[in-house]
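> Take this sequence and fold it.
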Amino acid sequence: MKRRAIVNGDDLGLSPGINKGIVEAYRDGILTSASLMATGEAFDEAVTLVREHPGLSVGIHLTLVEGIPALSPQKIPSLVGSDGRFHGSLGAFAMKWLTGRIRLEEVQLEFQAQIERVLDYGINIEKLDSHMHLHLLPRIIQTVLAMAKRYGIKGVRLPKGRFVDVGLRRSLIPLLSASHSRRVAIAGLASSDRFAGITESGRLTERSLMRILEGLQQGVTEVMVHPGYRDAVLDKWPKSRLYDREGELNALISPRIKALIEELGIALINYREVCRHV
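Below is the predicted model:
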């Protein structure tokens, strides 16, 4: 088996600066796929850019943390704060989830609204993932798989692998992914064989990307990246604004990275190709 990599840019549609960075990373670099955020303030611009770049594979970045929801706050009161916005951190959401104060039916309604917003614009959704990997939480994963079946979406992100120096919260991600692997397979959905980018999330450099590429195993690995430019819209997102998005973009368009991929014989693919036979 050949080593194949899906280089996926998260947060498309969040802000104009992120849209610009993802398009540049696709056009001038090694990015092959992007996850579109239906609740982002630059969603309409992102849709236009997707249509202008038909070779870019697009998934949906389901969102329950940071930003504004697709539905009115009155319809999903357990998902928002007094300001009508999603909770500002994964910790705040997780605490409410673990103590039973997040209503699953509201999660279902919000996810449905986000998916349908993307589909209404004529965008084909290749796979489902989520902002801060919230789709991996117990019970929410069942909702996501049901949504995939309902809307004919063929792929789902499972961040499988061994990650070092990621802290307690992020160390749970591969454990949850492993526990869901059988459920995803039974649902007939495609996912990558392995995943990379958790350790480097928000601070990917040319050196760390080289290390990821040199360590790729046979099969398909999704490499999560966050290219972009800082702007006023992003400044309103308390966690996402902390990422070094321009640094990640520079790594993705680096001539040294392109030369390394050619030297190693790595095939750059996207989720469209992975899901083709599902």
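> For the rest of this, base every contact and every neighbour count on C-alpha atoms.
Noted.
> Output the helix or strand Ala185 falls within in CSV with nothing but the alpha carbons.
Element membership of Ala185, judged by DSSP states H and E, is helix 167-186. This file holds the C-alpha atoms of helix 167-186, laid out as CSV (Å, rounded to 0.1, in the frame of the first residue of the first chain):
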residue,chain,number,x,y,z
GLY,A,167,-2.5,16.9,27.8
LEU,A,168,-5.4,15.1,29.3
ARG,A,169,-8.2,16.5,27.2
ARG,A,170,-6.5,15.8,23.9
SER,A,171,-5.3,12.4,25.0
LEU,A,172,-9.0,11.4,25.2
ILE,A,173,-9.5,12.0,21.4
PRO,A,174,-7.7,8.9,20.1
LEU,A,175,-9.4,6.8,22.9
LEU,A,176,-12.8,8.0,21.8
SER,A,177,-12.0,7.5,18.2
ALA,A,178,-10.9,3.9,18.8
SER,A,179,-14.0,3.2,20.7
HIS,A,180,-16.1,4.5,17.8
SER,A,181,-14.3,2.7,15.0
ARG,A,182,-16.5,-0.3,14.9
ARG,A,183,-19.6,1.8,15.1
VAL,A,184,-18.4,3.9,12.1
ALA,A,185,-17.6,0.8,10.1
ILE,A,186,-21.0,-0.8,10.8
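> From the contact counts, what lies against it?
For helix 167-186, there is no helix or strand it packs on, judged by 3 or more C-alpha pairs under 8 Å, 6 or more residues apart in numbering; DSSP states H and E.
> cutoff 10 Å now
Where contact means 3 or more C-alpha pairs under 10 Å, 6 or more residues apart in numbering; DSSP states H and E, helix 167-186 is packed against helix 140-151.
> which is the next helix or strand following the helix it packs on?
Downstream of helix 140-151, the first helix or strand assigned by DSSP H and E is strand 155-156.
> And for that following strand, what's in contact with it?
Identification of contacts with strand 155-156 by C-alpha atoms under 10 Å, 6 or more residues apart in numbering yields 59-60, 125-130, 135, 144-145, 148, 184, 188-192, 271-272, 274-276, 278.
> which residues of the stretch 101-250 of the chain fall in strands?
Remark: strands assigned in the stretch 101-250 of the chain by DSSP state E, counting those that start in this stretch are 127-130, 155-156, 194-196, 219-225.
> Excluding its own residues, what touches the first one? List them.
Strand 127-130 has contacts (C-alpha under 10 Å, 6+ apart) with 10-11, 34-37, 57-65, 115, 135-136, 144-145, 147-148, 152-159, 189-191, 271-272, 275.
> if we can go back for a sec, let's have the strands of the stretch 101-250 of the chain in CSV, adding mean pLDDT.
CSV is the format used below for those (pLDDT from 0 to 100):
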stretch, mean pLDDT
strand 127-130, 96
strand 155-156, 95
strand 194-196, 93
strand 219-225, 96
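> what's the spacing between Ala232 and Ala259?
With the distance defined as C-alpha to C-alpha, to the nearest Å, Ala232 ends up 35 Å from Ala259.
> again, but for Arg101
50 Å.
> Low-confidence regions, this structure specifically.
Residues of the chain meeting the criterion pLDDT under 70: 1, 161-171, 277-278.
> Dump the C-alpha coordinates for the longest strand along the chain into CSV.
Criterion DSSP state E: the longest strand present in the chain is strand 3-12. In CSV, the C-alpha atoms belonging to strand 3-12 read as follows (Å, rounded to 0.1, in the frame of the first residue of the first chain):
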residue,chain,number,x,y,z
ARG,A,3,1.4,6.3,1.7
ARG,A,4,-1.5,8.7,1.1
ALA,A,5,-2.2,11.9,2.9
ILE,A,6,-5.4,14.1,3.1
VAL,A,7,-4.2,17.5,4.2
ASN,A,8,-7.4,19.1,5.6
GLY,A,9,-7.8,22.8,6.5
ASP,A,10,-10.3,23.3,9.3
ASP,A,11,-12.5,26.4,9.9
LEU,A,12,-13.3,27.4,6.3
